[in-house]
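Chemist: structure of the sequence below:
(one chain, ligands or ions: 1)
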Amino acid sequence: MQTRNETPEIGFQDLGLNERTLKALKQAKFESPSPIQAAFLPHALKGRDCTGQARTGTGKTAAFVIPILEQIDLEDSKTQALVLAPTRELSEQVAEEAKRLAYTSTCRTACLVGGRPIRKQIDDLKKGVQVAIGTPGRVIDLINRRMLDLRNLKIVVLDEADRMLDIGFRPDIEKILRRCPKERQTLLLSATMPPPVERLAKRYMQDPTRVDLSEDGVMVDSVEQFYVTVDADRKFGLLTRLLRAERPQQALVFTRTKRGADTLYRRFAGRLPHVAHLHGDLPQPKRDSTMKKFRAGKIRLLIATDVVGRGIDVSGISHIVNYDIPEYCDDYVHRVGRTGRLSSDDRGRAFTFVTREQGNELTNIEIRINSQLTEYRVDDYEAFRPAPAPKHVEPKKKPEIPEFSFAS
Ligand code: AMP
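Modeler: Below is the predicted model of the structure:
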């Protein structure tokens, strides 16, 4: 893991930032730029369009929040910056980081996400919001209601662009970008750069500077990664033994589906304290209170699906468990990126449960991260039964061919 004292020589004071931002950074205890910040900020601060390949946990939020804060005119109450993010949780995290780094200024931000009362967001917008952060659906809604005016935007950020496209936000994003002024800066952050993201960048950005700090190598260093072979019906038994053996500070357990998360949660509920689950079908207030408790360390085991689990920035997460192996290799990178955080000195540990039939999926992940996972066994627990020995079957005799001869 890159830590603060391993970051490149460049310091925040070398970037020509204004005093206000430097003060806020000091207040936030950011001593020197993280690698993504050191690589991204010099270009972004010049007003260039930039793409940055970096996962959450590397300091990517500040890499775009700082250029926003440097550019906006505090005397002007119009909306000058827009950040689009895939989930409500991530939008709120970005808004918090923006507030933290705008600490000494009067910059006004609003978080425009679904599942929250639109009335309050409209009231905020009416009062004047310089930095709008939100999910594409709600942002479109507010544009359609003529509450959010994009005409004065100077800077647009697409955060976690790969995930936004994965969950089907492409049409909304394009609609929004088409309404933004042509003369603007566009920053795009993404953990991965698959072709759909490349196409989006090509279409809506001007000759972007590409900063590739994809963290595969870093991730491997900062997180110890294991796989455990398990029968599908023994996963729960394995998980409970694993928790007992590992005694995590905080663990995030991923399931593939919302129903899977519900079922797993029900098996723990009432039997183990400090357990919760999080997925997109749960009511927003419930999701909020769960996140709050998880951040505060009151929830120790959180069972989540990919969409909501992604982007969770909680420094106490010591363990990731892929109870279900992720469907896409990139999701593996995102899930495992929840531990081994920038601010944490301990190496995180990630465990992936693999059934016998999922060997190929494990191999694909290993190819993706260019590293092999270590096999892990829990003592005293037979996570999988040996395959039954094949029944003895008499080798089939070749049918006899009656003697014959070809016509002469
Ligand atoms: P992010 O990747 O933006 O989710 O950031 C991960 C965590 O690192 C957040 O808690 C940030 O506040 C923190 N962070 C970001 N940049 C720095 C920095 N330069 N020094 C110390 N902590 C940082």
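
Chemist: can I assume residue 132 sits in a strand?
Modeler: Yes: counting by DSSP: H, G, I helix; E, B strand; the rest coil, residue 132 is part of a strand.

Chemist: would you confirm that it contacts residue 81?
Modeler: Yes: the criterion here is C-beta atoms under 8 Å, and residue 132 meets it with residue 81 at 7.2 Å. In this view, the C-beta of every residue, glycine as well, is placed from N, C-alpha and C.

Chemist: domains of this protein?
Modeler: Under the assignment automatic domain parsing, the domains of the chain span 2-212, 223-375.

Chemist: got TSV for the ones you listed, with distance to the ligand, mean neighbour count and mean pLDDT too?
Modeler: Formatted as TSV, the domains of the chain follow (distance: least, C-beta to the nearest ligand atom, whole Å; neighbours: other C-beta atoms under 10 Å; pLDDT from 0 to 100):
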stretch	distance to the ligand	mean neighbour count	mean pLDDT
domain 2-212	3	19	91
domain 223-375	4	18	88
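
Chemist: in TSV: those, plus distance to residue 406.
Modeler: Shown next, in TSV, are these (distance: least, C-beta to C-beta, whole Å):
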stretch	distance to residue 406
domain 2-212	59
domain 223-375	48
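
Chemist: which of the ones you listed sits closest to residue 381?
Modeler: Among these, domain 223-375 comes nearest to residue 381, with 4.6 Å by C-beta to C-beta.

Chemist: on that earlier part again, where do the contact lists of residue 132 and residue 81 overlap?
Modeler: Common neighbours of residue 132 and residue 81, using C-beta atoms under 8 Å, 6 or more residues apart in numbering, do not exist here.

Chemist: quick check: residue 41 touching residue 32?
Modeler: No: counting by C-beta under 8 Å, residue 41 stays clear of residue 32, with 11.6 Å between them.

Chemist: how much space separates residue 298 from residue 277?
Modeler: Distance of residue 298 to residue 277, computed by C-beta to C-beta, to the nearest Å: 15 Å.

Chemist: can you check residue 338 too?
Modeler: With C-beta to C-beta as the criterion, residue 338 and residue 277 are 15 Å apart.

Chemist: same check, this time on residue 318
Modeler: 19 Å.

Chemist: contact partners for the nearest residue to residue 116 once chain neighbours are set aside?
Modeler: Among residues not flanking residue 116 along the chain, residue 284 sits closest, at 6.3 Å (C-beta to C-beta, 6 or more residues apart in numbering). Listed by C-beta under 8 Å, 6+ apart, the contact partners of residue 284 are 88, 115, 116.

Chemist: narrow the residues you listed to those in helices?
Modeler: residue 88 (DSSP state H).

Chemist: from the contacts of residue 284, pick the one nearest residue 248.
Modeler: Closest to residue 248, out of all of the contacts of residue 284 and judged by C-beta to C-beta, is residue 88, at 25.8 Å.

Chemist: shouldn't residue 111 be in contact with residue 97?
Modeler: No: contact between residue 111 and residue 97 fails when scored by C-beta under 8 Å: they sit 11.5 Å apart.

Chemist: where do the strands sit along this protein?
Modeler: 50-53, 81-84, 109-112, 131-134, 155-158, 185-190, 209-212, 223-229, 251-254, 275-278, 301-304, 319-322, 348-354, 374-375 (DSSP state E).

Chemist: which stretches in the stretch 101-250 of the chain count as helices?
Modeler: Assigned by DSSP state H, counting those that start in this stretch, the helices in the stretch 101-250 of the chain fall at 118-127, 136-144, 161-166, 170-179, 195-204, 216-222, 235-246.

Chemist: so can I have TSV of those showing distance to residue 228?
Modeler: Below are these laid out as TSV (distance: least, C-beta to C-beta, whole Å):
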stretch	distance to residue 228
helix 118-127	44
helix 136-144	38
helix 161-166	27
helix 170-179	36
helix 195-204	32
helix 216-222	18
helix 235-246	6
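
Chemist: between the ones you listed, which one is nearest to residue 151?
Modeler: With C-beta to C-beta as the measure, helix 170-179 is the member of those nearest residue 151 (8.5 Å).

Chemist: ok, and what's touching that closest one?
Modeler: With C-beta under 8 Å, 6+ apart, helix 170-179 has contacts from 82, 84, 136-137, 139-140, 143, 150, 156, 158, 164-165, 186, 196, 200, 204.

Chemist: one more time with 6 Å
Modeler: Residues outside helix 170-179 that contact it (C-beta atoms under 6 Å, 6 or more residues apart in numbering): 136, 140, 150, 204.

Chemist: check the gap between the last one and residue 103 for me.
Modeler: Distance of residue 204 to residue 103, given as C-beta to C-beta: 32 Å.

Chemist: same question, residue 62
Modeler: In terms of C-beta to C-beta, residue 62 sits 13 Å off from residue 103.

Chemist: rewinding a little: quick one: which of the contacts of helix 170-179 is nearest residue 232?
Modeler: residue 136 (36.1 Å).

Chemist: that closest one and residue 113: what is the separation?
Modeler: For residue 136, the distance to residue 113 - C-beta to C-beta - is 10 Å.

Chemist: also residue 334?
Modeler: 20 Å.

Chemist: what of residue 144?
Modeler: 16 Å.

Chemist: same question for residue 208.
Modeler: Residue 208 is 27 Å from residue 113, by C-beta to C-beta.

Chemist: next: residue 367.
Modeler: Counting by C-beta to C-beta, the gap from residue 367 to residue 113 is 36 Å.

Chemist: which neighbours do residue 41 and residue 32 share?
Modeler: Contacts common to residue 41 and residue 32, judged by C-beta under 6 Å, 6+ apart, are absent.

Chemist: pull the contacting residues for residue 333.
Modeler: Contacts of residue 333 by C-beta under 6 Å, 6+ apart: none found.

Chemist: for the closest residue to residue 124 other than its chain neighbours, list each beta-bridge partner.
Modeler: Leaving aside its sequence neighbours, residue 124 sits nearest to residue 110 (C-beta to C-beta, 6+ apart; 4.2 Å). Assessed by DSSP bridges, residue 110 has beta-bridge partners residue 132.
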